[in-house]
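Undergrad: Task: produce atomic coordinates for the following.
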Amino acid sequence: MNIRLKKEEKVKVLCADDLYGIMQRVLVRESRIDRNREHLWTVSLDNAYRILNIELVSLGTINKTLIEPMEVFSIPLQKRAVKVILVHNHPSGELTPSERDKDVTDQLIQVGRIMHVPLMDHLIISEKDYYSFMDSGLLKELEQSLKYVPAYEIKRRYEKAAIEIGKKQGNNEGKKEVAKQMKKEGYEIEAIMRITGLSKAVIGRLKVE
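TA: Got it, this is the predicted structure:
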């Protein structure tokens, strides 16, 4: 459902505080009954960070709402958004992100990358305050996650890293450095062998700090 905005609400979003002022008013407009349920909104932004659209994607229960990547990015793509912000409320007033909140954000970061519509922030709001994934540093942390990164993209990243390190230290040393990093992150030996071209014996001898 499209959220109608007043002319003065179609502002540039340069920080989380800019958006919270609008989303707080959107939440307060809801009936008291609906305010006790979790809402999920997407905020579509243009290249100048101006709001193109705010869409209510899902209305859930008191502590849960349905979040499907296809539904989240459907309207932003239709609006030709170049960035998107996810917003959902916690009726309890407790703003600390749950493990599910973190996992969903992790997944949507990767979907945004594939769609070329990056997730700029995720706000958890109440009627009195908000939590910003970007301001807290959690968004940057999740951007480093490989949990939802496609296998081909992981391979491309490590191959690129091996080439760069190889230019500085020699091709074989570059492969070893990449293999060490992959071991540290818990990759199977067979996967490391495929990406680096190193033998199982060589990989087995590599020590990870």
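
Undergrad: Domain map for this structure?
TA: Per the record, the chain has its domains at 7-143, 151-205, by automatic domain parsing.

Undergrad: Out of these, name the one with the poorest average pLDDT.
TA: Note on those: domain 151-205 shows the lowest mean pLDDT, a mean of 76.

Undergrad: how long is it end to end?
TA: Length of domain 151-205, first residue to last, C-alpha to C-alpha, to the nearest Å: 25 Å.

Undergrad: three-state assignment of the residue nearest to Leu142 when sequence neighbours are not counted?
TA: Nearest non-adjacent residue to Leu142, counting by C-beta to C-beta, 6 or more residues apart in numbering: Asp106, 4.8 Å away. Heads up, the C-betas are built off the backbone N, CA and C, glycines and all. Secondary structure for Asp106, judged by DSSP: H, G, I helix; E, B strand; the rest coil, is helix.

Undergrad: Contact partners for Asp106?
TA: Shown in contact with Asp106 (C-beta atoms under 8 Å, 6 or more residues apart in numbering): 142, 145, 147-148.

Undergrad: Tell me which of the domains of the chain sits most buried.
TA: The highest average neighbour count among the domains of the chain, using mean count of other C-beta atoms under 10 Å, belongs to domain 7-143 at a mean of 17.

Undergrad: Filter the contacts of Asp106 down to the ones in helices?
TA: Of these, the ones assigned to helices by DSSP state H are Leu142.

Undergrad: Return the member of the contacts of Asp106 nearest to Met70.
TA: The nearest member of the contacts of Asp106 to Met70, counting by C-beta to C-beta, is Tyr148 at 14.5 Å.

Undergrad: residue nearest the centroid of the protein?
TA: With distances taken as C-alpha atoms, centre = their mean, Ile109 lies nearest the centre of the chain, 2.8 Å away.

Undergrad: Which helix or strand contains that one?
TA: Element membership for Ile109, per DSSP states H and E: helix 99-115.

Undergrad: Looking at the contacts of Asp106, spot the one nearest Ile192.
TA: Using C-beta to C-beta, Lys147 is the member of the contacts of Asp106 that lies nearest Ile192, at 18.1 Å.

Undergrad: give the contact list for that closest one.
TA: With contact taken as C-beta under 8 Å, 6+ apart, Lys147 is in contact with 103, 106-107.

Undergrad: Which of those residues sits closest to Ile192?
TA: Nearest to Ile192 among those, with distances taken as C-beta to C-beta, is Asp106, at 23.1 Å.
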